[in-house]
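1. Could you work out the structure for the sequence below:
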Amino acid sequence: MRIITLLTDWHNDDYYKAIVKAKLLSQVSDVQFVDVTHKAEHYHISKAAFLLESAISQFPKGTIHFFGIQTVSIDLSKVIVGKYNDQYVIANDNGIFNVLNLRFDELISVNFEISNFPVADCFVPIAIDIHKGKALTEIGESISQTLKYNIVEAIFEDDKITCPVSYIDSYGNLILKLRKEVFEKERKSRRFDIFINSFKYKTDKISEHYNLVPKTEIFAIFNSVGWLEIGMRMANISQILSLSDKSSVIIKFYE
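-> Numbers count the residues shown, from 1 in each chain. Just a heads-up that it's a prediction; the model follows:
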């Protein structure tokens, strides 16, 4: 049975996800839906792409991912399909493929007439073709480039990393797009401080587990999907320190 994921900004009170599922199930029965989230921030490509990038490695080969953020266009609706590790990402040409730090094996472009509901009218037919075994080159035209999307990247210097907050989870924890291997490469075995909210608050260690940190103490861990996560034990650090997804964290290294 093939898995199809939905990542949208529709929120749970909307009927849109029911229509998409019904339209697909009326033509293909042997699929299973997984809702990544329907609470993504409206039109926020980079934040939603971060959620997809964080989750995609946990899904089996053959999974089809619907990226339902900023899908309505004023012209012909160009839909992009990317194949990554035998999984498929379907999205409008809205910059997501530029944001995702994934190496796609194939990219195709598929043109549809303008639609007020591209996920149902455009994504579903593509998913059905993939499910039926069609090669991507039978579905659309091979391409090498997609729309560029400007994002704030981490800044690497000799003695520090300035890393923007990529996501704030429901506990108020800050998640940074920084993996352990990159951190250790930049660290070079040096001691360090991780500063939050300018230089007012910090931690100088990375813990293995949340429960190793005393209550209300700031912690840093590499979480279950490999990103650096910073929080406050049994407290909401983003509320307490007035942080947002526009905040940055500074990691300072010392010789």
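2. And the helices in the stretch 51-200 of the chain, which stretches?
-> All helices of the stretch 51-200 of the chain, identified by DSSP state H, counting those that start in this stretch, fall at 96-99, 118, 124-131, 136-139, 180-187.
3. quick one, which of those is nearest to residue 44?
-> Shortest distance between residue 44 and these, using Cβ to Cβ, is found for helix 96-99: 10.7 Å. For every residue, glycine as well, the C-beta is placed using N, CA and C.
4. Any buried residues in stretch 13-26, and which?
-> 16-17, 20-21, 23-24 (16 or more other Cβ atoms under 10 Å).
5. any low-confidence regions in this protein?
-> 73-77 (pLDDT under 70).
6. And the residue nearest the centre of it, which helix or strand is it part of?
-> For the chain, residue 50 is the residue whose C-alpha lies nearest the centre (Cα atoms, centre = their mean; 2.1 Å). Per DSSP states H and E, residue 50 falls inside helix 45-55.
7. could you measure the residue nearest to the centre of the chain against residue 165, distance?
-> For residue 50, the distance to residue 165 equals 10 Å [Cβ to Cβ, to the nearest Å].
8. residues bridging contact with the two, i.e. touching both?
-> residue 175 (Cβ atoms under 8 Å, 6 or more residues apart in numbering).
9. one step back: how much space between the residue nearest to the centre of the chain and residue 144?
-> 24 Å.
10. would residue 19 count as being in a helix?
-> Yes. Judged by DSSP: H, G, I helix; E, B strand; the rest coil, residue 19 forms part of a helix.
11. Confirm for me that it is in contact with residue 116.
-> No. Residue 19 is beyond contact range of residue 116, at 11.8 Å (criterion: Cβ atoms under 8 Å).
12. returning to what we had before: quick one, which of the helices of the stretch 51-200 of the chain gets closest to residue 239.
-> Closest among these, using Cβ to Cβ: helix 180-187, at 26.1 Å.
13. Got the domain ranges for this structure?
-> The chain breaks down by automatic domain parsing into domains covering 2-142, 155-254.
14. I'd like these written out as a markdown table, with distance to residue 149 added.
-> Below are the domains of the chain laid out as a markdown table (distance: least, Cβ to Cβ, whole Å):
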| stretch | distance to residue 149 |
| --- | --- |
| domain 2-142 | 3 |
| domain 155-254 | 14 |
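15. any idea how far the nearest residue to residue 250 once chain neighbours are set aside is from residue 248?
-> Distance criterion Cβ to Cβ, 6 or more residues apart in numbering; nearest residue to residue 250, sequence neighbours excluded, is residue 195 at 4.4 Å. Shown here: residue 195 relative to residue 248, a distance of 9 Å by Cβ to Cβ.
16. That'll do, ta.
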